[in-house]
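>>> Structure here, sequence nowhere to be found:
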């Protein structure tokens, strides 16, 4: 029995999953090494945080998704080292450490939230990158209304009812829009002491526009729609500090001011997986300021044609799902062609299929080549595309049902938080008290 | 404006919720004080732990359930003290401490898992009482298969693939049955190194029968069906120790043996909320050995006709949902009659509406008065009744859908766990290593 060509894929996000699927009929053995047991449909994470969807709907078990692909196996583990010379990957799981040899390697370890050097912000303003983040934020968002209902001091009530979303990219815009609709459509009637509809939702960005990459026209339309649903859009506002009870902002004129707020959400920056720097160190590749790798035109590492890097870890392309999907498929094809002794493909070229973001229910912005759309039609396109990309028929059905409940109705049926999340805030508050 | 009669309800479980609802048209102001923000449909908790349902489906926000009941308000907080003389309740939330005065008090604080004095077991064998428990167990159950797939030592693989459920009451039986079906119906095909169908599921009880309270005939039928779906039922087996890697059992002959198992679930004992002992101390009421209160025939505290205790905190009745529901309604009616200056009701008498437990898909046991049923028909009754009692139309629809997926299909779409849950086991293992 001849040994089959071994492909190791690091990561189970869009890049890793689509690379693996594209190797379905290739004469290879694929090992997917991932830190989580699920594939995460990150673009809908904000809906888990705001009580619309359950975590299961956007994060199916990776091995369930790849169940029928007999040449692929999935192993849990956080990759701690890649040895380019020995061609091995070391990963750590609760059972211990595993070393997996490879003939070809596809690195799709993604990115994490970046606080631009201020990691202490993370405790007070969680990011939006994982299921852990989304459930933590679900606890904080719904919890803030609970705390406001309990509070008696008007300033304290205001602090609990002020939500600050940092970063006006797609994730920040969607998050701010959903919190505002939650406060004004879902929650009124649920409380007796407070009026949730008086909640302030502030969307902050240091840049001068929301959804900057959508172009001026759509950016302005999105800002207008955000203001219509009462999101307080504050641009040219740079965050200088974050603590338990608020956020310090510096405006364009250099003036500093404080926003008192208990619930802050960080949707501002990303940093590539530290694996990028480790690979760069071994092969001399250059990285950009957020740790993303400059690669050969075929997405391989300089001097290592057997190692590909795709998705959020690559410089020169935007950090969106399509870049990861296309990169993953491209790398898989490169592996297949090499095994078949066919010449290489043309260099990787990202085909921009466009961008979209929902601003509120029934209102989205879509930018596809020359088409610039804002409003209901754009929202229908958003709906269709996201339903199409959600993995699995079952999740599509339940997701559509939950969307009907939330968008046509006013309910959010996935509001449940754990005791740990409710009472962890106490510990957090103490943490902050001990600092001051 | 005359001040209305103030009713404080402690707890948002079956007792608290049904008491509050029964006061809907009464000329009172109801304050529900609860430690969680949700009402928990505890009988389906095992389905959240085994990936069938999402937490939102069995734990709707209490304030959403009571939204239309304008005389009720819900406040988050763990009750730390009841002062019977001052007629106040003190509760603690992340915002601080709150004191709420009452004219009538309905205490429905329920019970927690009891380890019969061995609280250190809790780290290694979580109970089945809260959403936190269910999500923790979800992580451990699905995680055990992940670890087995990674492990190379045959003994270690066996340890990960051995699941021990302690306690053969309804919760234990349902849990054991679901893990077995998960291993044999859902997971085969998902793994490459292990065969999940070889997993052992052991159901342990110190008593000589499963579902003892269902009578001998149904007990035997349940045991037979459990064995048919390959649950290893071990009776007359007393747990003497639990640690990270296994469980020590003493059989009827006094022999001790060890079961190597990484995933243990405790469904054995309950202890009434410590509020019971606190109330007993103030009014001289007697408590039984698990801290449940002996009350006046109208469920009031001796010497305190304005304070009622219902559900799991009361002695003399079984700790089931119906006892809490009927007790909650009875207490509410007593409050209403007193306000209307009508005479009291006859003493509280629990009307046993019967018991039911699912053993496997399409198979349940039902005991209603003289009717003793086991099999498919019983399962249909179980299905109808649980759908009826699930709160809210939306949850009914999505639950029915999830049940179709799981029982007719083989999928479990709510398998997602957090990173925290996956990697917390590492810490736990270290904790145990440091002890030995």
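Yes, it's here. Predicted, not measured: the structure shown is a model, and the values here were computed from it.
>>> and the residue of the stretch 251-400 of chain A found nearest chain B, what helix or strand is that in?
Taking CB to the nearest CB, chain B has its nearest neighbour within the stretch 251-400 of chain A at residue A:394, 5.2 Å off. All C-beta atoms are positioned from the backbone trio N, CA, C, and that covers glycine. For residue A:394, the element it lies in under DSSP states H and E is helix A:393-403.
>>> who does that helix touch, helix- and strand-wise?
Counting contacts by 3 or more CB pairs under 8 Å, 6 or more residues apart in numbering or on different chains; DSSP states H and E, helix A:393-403 packs against helix A:55-58, helix A:376-389, helix B:393-403.
>>> In TSV: those helices, plus mean pLDDT and distance to residue A:311.
Putting the helices and strands packed on helix A:393-403 into TSV (pLDDT from 0 to 100; distance: least, CB to CB, whole Å) gives the following:
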stretch	mean pLDDT	distance to residue A:311
helix A:55-58	91	18
helix A:376-389	89	15
helix B:393-403	78	32
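>>> isn't residue A:350 right up against residue A:329?
No: counting by CB atoms under 8 Å, residue A:350 sits too far from residue A:329 to count as a contact (11.6 Å).
>>> For the two, indicate the residue with more neighbours.
For residue A:350 versus residue A:329, neighbours defined as other CB atoms under 10 Å in any protein chain shown are more numerous around residue A:329 (18 against 15).
>>> how is chain A carved up into domains?
A:5-35+A:77-110+A:273-339, A:114-270+A:361-435 (automatic domain parsing).
>>> Distance to residue B:345 for these - can I get that in a markdown table?
Below are these laid out as a markdown table (distance: least, CB to CB, whole Å):
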| stretch | distance to residue B:345 |
| --- | --- |
| domain A:5-35+A:77-110+A:273-339 | 56 |
| domain A:114-270+A:361-435 | 30 |
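>>> so which of these is the most packed in?
domain A:5-35+A:77-110+A:273-339 (a mean of 21; mean count of other CB atoms under 10 Å in any protein chain shown).
>>> Quick check: mean pLDDT of that one?
The average pLDDT within domain A:5-35+A:77-110+A:273-339 is 96.
>>> Kindly report the same for stretch A:412-425.
On average, stretch A:412-425 scores 79.
>>> returning to that earlier point: to residue B:208, which of the domains of chain A lies closest?
domain A:114-270+A:361-435 (35.9 Å; CB to CB).
>>> what's the spacing between the closest one and its chain's center?
Centroid separation for domain A:114-270+A:361-435 versus its chain: 13 Å, with CA atoms, centre = their mean, to the nearest Å.
>>> Now do the contacts for residue A:39.
A:12, A:13, A:17, A:59, A:60, A:61, A:62, A:65, A:391 (CB atoms under 8 Å, 6 or more residues apart in numbering or on different chains).
>>> got a list of contacts for stretch A:26-36?
A:4-12, A:16-17, A:20, A:23, A:59, A:62, A:66, A:69, A:71-79, A:89, A:91, A:100, A:102, A:104, A:130-131, A:332, A:335-336, A:339, B:419, B:422.
>>> My read is that residue A:51 contacts residue A:410, right?
No: the criterion here is CB under 8 Å, and residue A:51 misses it with residue A:410 at 11.5 Å.
>>> list the contacts for the one residue in the stretch 301-436 of chain A that gets nearest to chain B?
Proximity of the stretch 301-436 of chain A to chain B (CB to the nearest CB) peaks at residue A:414, 3.7 Å away. Taking CB under 8 Å, 6+ apart, we find residue A:414 in contact with A:48, A:51, A:52, A:53, A:54, A:138, A:402, B:54, B:55, B:56.
>>> Now the buried members of those residues.
Neighbour counting by 16 or more other CB atoms under 10 Å in any protein chain shown classes A:48, A:51, A:52, A:53, A:54, A:138, A:402, B:54, B:55, B:56 among these as buried.
>>> Quick check: residues of the stretch 301-436 of chain A near chain B?
By CB under 8 Å from any CB of the partner chain, the residues of the stretch 301-436 of chain A that approach chain B are A:392, A:394-395, A:397-398, A:401-402, A:405, A:409, A:411, A:413-420, A:422-423, A:425-426, A:429.
>>> Strands of the stretch 51-200 of chain A, start to end?
Counting by DSSP state E, counting those that start in this stretch, residue ranges of the strands within the stretch 51-200 of chain A are A:72-76, A:78-83, A:88-93, A:96-101, A:104-107, A:111-114, A:162-166, A:200-204.
>>> can you redo the ones you listed as CSV with distance to residue A:355?
Listed next are the strands of the stretch 51-200 of chain A as CSV, based on distance: least, CB to CB, whole Å:
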stretch, distance to residue A:355
strand A:72-76, 30
strand A:78-83, 30
strand A:88-93, 33
strand A:96-101, 36
strand A:104-107, 25
strand A:111-114, 17
strand A:162-166, 19
strand A:200-204, 18
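>>> what's the spacing between the most centrally placed residue in chain A and residue A:112?
For chain A, the residue sitting closest to the mean C-alpha position, by CA atoms, centre = their mean, is residue A:129 at 4.0 Å. Per CB to CB, to the nearest Å, residue A:129 is found 6 Å from residue A:112.
>>> Find residues that contact each of these two.
With CB under 8 Å, 6+ apart as the test, residue A:129 and residue A:112 both reach residue A:270.
>>> residues in the stretch 51-200 of chain A within reach of chain B, list them.
So the stretch 51-200 of chain A meets chain B at A:51, A:54-57, A:59-61, A:63-64, A:67-68, A:73-77, A:93-95, A:98, A:130-132, A:135, A:142-143, A:146-147, A:149-151, A:156, A:189-193 (CB under 8 Å from any CB).
>>> what about 7 Å?
A:54-56, A:59, A:61, A:63-64, A:67, A:73, A:75-76, A:93-95, A:98, A:130-132, A:135, A:142, A:146-147, A:149-151, A:189-192 (CB under 7 Å from any CB of the partner chain).
>>> circling back to that earlier point, out of the contacts of residue A:414, which is nearest to residue B:206?
For these, the nearest to residue B:206 is residue B:55 (31.1 Å; CB to CB).
>>> ok, now which ones touch that closest one?
A:416, B:48, B:131, B:134, B:135 (CB atoms under 7 Å, 6 or more residues apart in numbering or on different chains).
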